[in-house]
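what's the 3D shape of this:
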Amino acid sequence: MKLVILDRDGVVNEDSDDYIKSLAEWQPIPGSLEAIARLSQAGWRVFLASNQSGIGRGMFNYDALFAIHARLQQIVISLGGHIEGIEFAPEHPDVATEMRKPAPGMLRDIAKRLQMGLEGVPFVGDSVSDLQAARAARASPILVRTGKGRRTETDQEAVGVPVYDDLATFADRLLSA
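This next block holds a predicted model:
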């Protein structure tokens, strides 16, 4: 089975230190949604795994989050693709569970749902916590330079991790392999 897992903020859509709190603030990174559609069309099962502590911080609610995810799905479907599932961790970092990255809970949930291991499965992220979660789940960490990626690229955690300019560039590479 061909599986790819993506972080959301900073990989699929623009990120903000003030959080993405509404559909009005949600802006796809150019080429990212087309990349998801191309991966899906090529037989890759696409999942998202995203920390959403803005909920736990009281900055936005589930309705706002689900509106963003519905719009994301709509656009990907209109491009001929499909996102099979979206995992998210809503808790505040001060009360983090095994689900919140850098813990591997979301990734392990995806693996359990699909009844498979994550060895060799790319997890594309832009932050240190994404790289740590991938390693903890035995997935293959991939870094993109969008979002917090350029900053993360200079961190010790990024040593040896494949780095791509953006999700579209990663998808091009994956589909040409």
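
quick check: Val121 touching Ala139?
Yes: counting by C-beta atoms under 8 Å, Ala139 is a contact partner of Val121 at 4.7 Å. (Each C-beta comes from the backbone N, C-alpha and C, glycine too.)

downstream of the biggest strand by length in the chain, the next helix or strand is which one?
Longest strand in the chain, counting residues (DSSP state E): strand 45-51. Downstream of strand 45-51, the next assigned helix or strand under DSSP states H and E is helix 53-56.

residues contacting the helix or strand just after that following helix, please?
Remark: after helix 53-56, the chain's next helix or strand is helix 62-78, criterion DSSP H and E. Taking C-beta atoms under 8 Å, 6 or more residues apart in numbering as the criterion, the residues outside helix 62-78 that touch it are 12-13, 20-23, 26, 28, 33, 36-37, 40, 52, 55, 82-83, 86, 88, 90.

give me the buried entries from these.
12-13, 20-21, 26, 28, 33, 36-37, 40, 52, 55, 82-83, 86, 88, 90 (16 or more other C-beta atoms under 10 Å).

next, count neighbours for Gly80.
Counted with other C-beta atoms under 10 Å, residues neighbouring Gly80 total 11.

skipping its backbone neighbours, what lies nearest it in space?
Ala37 (5.2 Å; C-beta to C-beta, 6 or more residues apart in numbering).
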